[in-house]
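**Q** Just a sequence and a predicted model for now, questions to come.
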Amino acid sequence: MVSTANNWRFRPAYAMVNGGPDLAPNSAPASNAGSECGDVEFTREYVEALLNERPKRKDRFSLKEKCDCLTDYIRRLKPVIRWFQELEVNYLLEHEKLQNSLEVSELKRSEMDLLLRNKEEELNSIIAELRKNYAALQEKFTKEELDKMAAMDSLTRERDARLEIERSKYSLSDELERVQRDLTSAKQQNASLSDMYKRQQEYIANLQHYNSKLQTDLSAVEEDRKRVETEKASMVENLGMYRGQLQVSRQCQDDAIKQRDALADEVASLKLELKQARDDCDRHQLQVQSLSAEFAEYKESTEKTCYEWGNLKSKNAELEARCLSQSDNIKELQDQLVSAEKKLQLSDLSTMERKTEYEGQKNLISELRTRLADAEFKLIEGEMLRKKLHNENLELKGNIRVFCRVRPFLAEDDTEVKIISYPTSMDALGRGIELAQNGQKHSFKFDRVFIPDVSQEDVFEDISQLVQSALDGYKVCIFAYGQTGSGKTYTMMGKPGDPEQKGLIPRTLEQIFKTRQFAQQQGWKYEMQVSMLEIYNETIRDLLPSNRSSLERENGSAGKQYTIKHDANGNTHVSDLTVVDVRSAKEVSFLLERAAHSRSVGKTQMNEQSSRSHFVFTLRIYGVNESTEQQVQGVLNLIDLAGSERLSKSGSTGDRLKETQAINKSLSSLSDVIFALARKEDHVPFRNSKLTYLLQPCLGGDSKTLMFVNIAPDPSSAGESLCSLRFAARVNACEIGVPRRQTYTKLSDSRLSYG
Ligand code: ADP
Ligand code: MG
């Protein structure tokens with residue numbers, strides 16, 4: 001058998017022929033077709049004309065002429081073939097070169113990524129530390145401000161107290177002065193009173209002296225009177241005798257009477273004088289008494305004053321002591337004030353220092369921020385370069401690629417006879433597969449061949465680039481094709497409950513949500529929507545129906561049309577289909593479980609669990625970068641196709657037969673579409689099946705398609721495996737357009753929806 005897998009190698013040659021800028025359209029070969037093909041270049045038209053050429057013979061039965069014609073034809077064909085071979089070699093060389101440059105750029109990019117990430121982490125940690133420092137400084141600053149306020153408060157309080165004390169001191173000294181003045185005036189009064197008292201004493205002494213003199217005078221006058229009385233008596237006695245002498249005596253008597261009258265007058269005047277002296281003495285005595293009372297009063301008041309003075313003195317002493325202690329206090333407070341002021345100055349200084357430090361740190365932060373912005377800008381540039389390189393890389397690999405996966409023998413397989421082998425030549429290592437059937441070996445080559453031992457993780461590693469493309473805004477389709485029991489569902493979904501054996505769908509979602517987190521740091525925001533449907537017997541079924549619609553289905557009154565429509569932007573809308581916004585991989589796995597539950601499962605002889613419907617998982621990704629105003633819109637379709645086995649093998653009849661026919665029809669429609677696209681035919685029969693019509697925008701020229709062809713290794717499946725491999729080889733030989741990324745700088749309808 002001639003492997004059709006080799007046909008794909010001519011694709012670049014055609015591409016060069018068609019796209020070669022140096023060739024004029026419809027030009028014939030530039031040189032003689034028979035000569036060496038060194039510089040010759042051929043146009044597509046020329047080659048097609050050559051291939052379609054019918055020999056023009058005059059004599060249809062002349063063998064010679066026929067031979068000549070053929071020789072000529074072969075002669076013209078040879079340079080073309082040689083030219084193709086040369087082109088192939090050139091192409092391979094160029095491919096290798098591009099691959100190398102791509103690897104170098106990938107390496108550079110990853111280095112740059114690492115560097116940027118390290119830088120960013122470093123900057124983040126510096127910023128965090130600075131923030132912490134700033135917070136600590138702020139706290140210290142506020143604490144010192146509070147201390148300062150408290151010190152100011154106590155200072156003003158102390159000042160007030162000092163002023164109060166000064167005021168009381170002044171009032172006390174005023175009082176003291178007044179008291180001292182009072183004291184001196186009291187002393188003076190006391191002295192003058194003492195003087196007066198002395199003078200009064202002297203006056204009293206004089207009066208007493210005068211009184212005693214008057215008393216002696218009075219007694220002398222009494223004695224004189226007594227002597228006169230006796231003299232009179234003697235004279236009366238002498239009267240008789242002297243009667244005679246009476247006359248004389250009478251005369252003498254008259255004289256004496258006269259003398260006595262004069263003396264009586266004198267006594268009366270003396271008595272008057274004595275009485276006057278007595279009155280004077282009484283008056284003086286009264287005066288002395290009043291003066292004594294006054295003196296006693298003065299003495300008392302002096303004593304009182306003295307006592308008051310003593311009191312005032314002690315009060316004064318007390319006040320002086322208080323004054324002294326208050327001055328001490330004031331001095332102490334003044335000292336405290338000085339030290340507080342010093343402290344205040346110090347804290348002012350430290351605050352200033354802190355302020356300058358803070359300013360410096362602020363500057364540093366702003367500098368770091370600008371550096372961070374620069375780094376982010378570089379990161380965005382790097383990201384753009386990465387996307388470009390990534391896409392170029394995928395384009396080089398071809399926009400429809402085929403991976404072949406062979407499942408291991410299972411316990412239920414009858415025999416472990418090996419009919420599948422893997423060539424180890426340099427050319428085919430990891431890409432070749434050989435199937436032995438009826439003693440014949442069929443060789444195939446794909447973009448990648450996964451042997452049974454390859455883990456789910458390793459398989460995913462090879463398709464993760466396509467997942468990245470969906471995030472970058474491309475439409476991506478991943479199919480699993482193969483007979484029932486070959487491992488399609490295992491490849492797509494994996495084994496539920498075993499994280500090691502998770503399939504492509506859960507792993508894809510994990511990667512998307514992980515990458516989304518990373519992309520968020522570069523300003524990207526993503527919205528995702530999931531829908532899941534199955535196509536069973538050419539009828540669409542929603543696998544995430546709302547409660548009402550599921551009820552309707554159970555009641556058999558499903559009014560849902562599920563009409564497929566494509567808009568001008570290449571977005572597909574299916575009416576009535578449930579579309580769910582998702583924010584985490586967990587949410588999606590919950591939806592997957594729901595979908596698996598509602599998925600229709602039929603029984604065939606081959607695999608009880610085998611699905612007889614196409615399962616289509618669609619994730620729509622809408623990304624906006626706020627910093628660059630870029631918008632991307634990607635679609636990721638993951639399709640678990642229904643079993644591809646032919647009628648005879650599944651042994652179906654009745655409903656099962658109808659199912660199988662529907663499946664076969666849609667699968668052959670899928671291949672028709674792929675081949676029509678590859679041949680660039682004007683009419684591509686997308687509408688021939690629901691599956692191809694649904695996926696139309698994702699299968700056209702601006703998409704990336706990957707087909708897994710799943711193979712069962714057991715000899716009983718050899719026939720089906722061969723069919724699958726042949727189909728896959730034909731697909732692998734196709735080239736479908738050049739993917740066009742769906743990016744916009746502004747998008748009017750940002751919501752993505754089905755229906
Ligand atoms: P399909 O979906 O094509 O009908 P399944 O995915 O259901 O096939 O696979 C059939 C059986 O084979 C399942 O039990 C699955 O677990 C097992 N299987 C398929 N591929 C692998 C693999 N690569 N490794 C281990 N078991 C596998
Ligand atoms: Mg399955």
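**A** Cool, got the structure. Ligands and ions are numbered 1, 2, ... in the order given.
**Q** Which residues belonging to stretch 157-164 are considered buried?
**A** 158, 162 (16 or more other C-beta atoms under 10 Å). Any C-beta I mention is one placed from the backbone N, CA and C, and that applies to glycine too.
**Q** Give me the average confidence score over that stretch.
**A** The pLDDT scores in stretch 157-164 average 89.
**Q** excluding its backbone neighbours, what's nearest residue 193?
**A** What sits nearest to residue 193 in space, not counting adjacent residues and going by C-beta to C-beta, 6 or more residues apart in numbering, is residue 298, at 4.4 Å.
**Q** and residue 320, how many neighbours?
**A** Using other C-beta atoms under 10 Å, residue 320 has 13 neighbouring residues.
**Q** So it versus residue 681, what's the distance?
**A** 126 Å (C-beta to C-beta, to the nearest Å).
**Q** Tell me where the model's unsure across the stretch 301-450 of the chain.
**A** Low-confidence segments of the stretch 301-450 of the chain (pLDDT under 70): 390-399.
**Q** Any figure for the gap between residue 347 and residue 158?
**A** 18 Å.
**Q** Residue of the protein nearest ligand 2, please.
**A** residue 489 (3.1 Å; C-beta to the ion).
**Q** And the average pLDDT for the helix or strand harbouring that residue is what?
**A** Assigned by DSSP states H and E, residue 489 falls within helix 488-492. Helix 488-492 carries an average pLDDT of 94.
**Q** Check which helices and strands it sits against.
**A** Judged by 3 or more C-beta pairs under 8 Å, 6 or more residues apart in numbering; DSSP states H and E, helix 488-492 is in contact with strand 475-482, helix 504-520, strand 630-640, strand 703-711.
**Q** ok, back up a step: which ones are touching the residue nearest to residue 193?
**A** 189-190, 193, 197 (C-beta atoms under 8 Å, 6 or more residues apart in numbering).
**Q** Can you give me the distance of it to residue 191?
**A** For residue 298 relative to residue 191 (C-beta to C-beta), the value is 11 Å.
**Q** Please apply the same query to residue 43.
**A** With C-beta to C-beta as the criterion, residue 43 and residue 191 are 154 Å apart.
**Q** what does residue 205 give?
**A** 21 Å.
**Q** repeat for residue 146
**A** Taking C-beta to C-beta, one finds residue 146 at 67 Å from residue 191.
**Q** show me where the stretch 601-750 of the chain has strands.
**A** 614-625, 630-640, 703-711, 743-744 (DSSP state E, counting those that start in this stretch).
**Q** Least reliable of these by average pLDDT, please.
**A** Across those, the lowest-scoring stretch is strand 743-744, with a mean of 50.
**Q** Tell me where this protein has helices.
**A** 11-19, 44-52, 63-241, 244-397, 456-471, 488-492, 504-520, 547-554, 585-598, 647-650, 654-678, 690-694, 696-699, 718-732 (DSSP state H).
**Q** Quick check: phi and psi at the closest residue to residue 409 other than its chain neighbours.
**A** Once flanking residues are discounted, residue 409 sits nearest to residue 416: 5.0 Å by C-beta to C-beta, 6+ apart. When read as degrees, to the nearest 10, the backbone of residue 416 gives phi -110, psi 30.
**Q** you'd agree residue 646 is up against residue 663?
**A** No. Judged on C-beta atoms under 8 Å, residue 646 makes no contact with residue 663 at a distance of 10.3 Å.
**Q** More neighbours: which of the two?
**A** residue 663 (28 against 12).
**Q** hmm, back to that, in this model residue 452 seems to touch the residue nearest to residue 409, though I could be wrong.
**A** No. Contact status for residue 416 versus residue 452: not in contact, 11.2 Å apart, counting by C-beta under 8 Å.
**Q** among the contacts of residue 298, which are in reach of ligand 2?
**A** Near ligand 2, judged by C-beta under 5 Å from the ion, there are no entries from the contacts of residue 298.
**Q** Pull out the buried members of those residues.
**A** 190, 193, 197.
**Q** With distance to ligand 1 and pLDDT added, can I get these in CSV?
**A** Converted to CSV, those look like this (distance: C-beta to the nearest ligand atom, whole Å; pLDDT from 0 to 100):
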residue, distance to ligand 1, pLDDT
190, 134, 84
193, 139, 84
197, 144, 84
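**Q** For residue 297, see how far away residue 275 is.
**A** 32 Å.
**Q** For residue 710, find the nearest of the helices of the chain.
**A** Residue 710 lies closest, by C-beta to C-beta, to one member of those: helix 488-492, at 5.0 Å.
**Q** Switch the contacts of residue 298 over to a markdown table; also include distance to residue 561.
**A** Output for the contacts of residue 298, formatted as a markdown table (distance: C-beta to C-beta, whole Å):
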| residue | distance to residue 561 |
| --- | --- |
| 189 | 133 |
| 190 | 134 |
| 193 | 138 |
| 197 | 144 |
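**Q** ok, which pair from those is furthest apart?
**A** 189 and 197 (12.2 Å).
**Q** residues shared between the contacts of residue 646 and residue 663?
**A** Shared contacts of residue 646 and residue 663 (C-beta under 8 Å, 6+ apart): none.
**Q** which parts of this structure sit against ligand 1?
**A** 407-408, 410, 482, 484-490, 495, 607, 609-610, 643, 710 (C-beta under 6 Å from any ligand atom).
**Q** can we see that at 5 Å?
**A** 407, 484-490, 610 (C-beta under 5 Å from any ligand atom).
**Q** how about the residue nearest to residue 560 when sequence neighbours are not counted, phi and psi?
**A** Closest residue in space to residue 560, ignoring its immediate chain neighbours: residue 576 at 4.1 Å, by C-beta to C-beta, 6+ apart. The phi and psi values for residue 576, taken as degrees, to the nearest 10, are phi 70, psi 0.
**Q** Same check on the one 3 residues further on?
**A** According to degrees, to the nearest 10, the main-chain angles of residue 579 amount to phi -120, psi 130.
**Q** how many other residues sit next to it?
**A** 19.
**Q** What separation do you get for it and residue 86?
**A** 52 Å.
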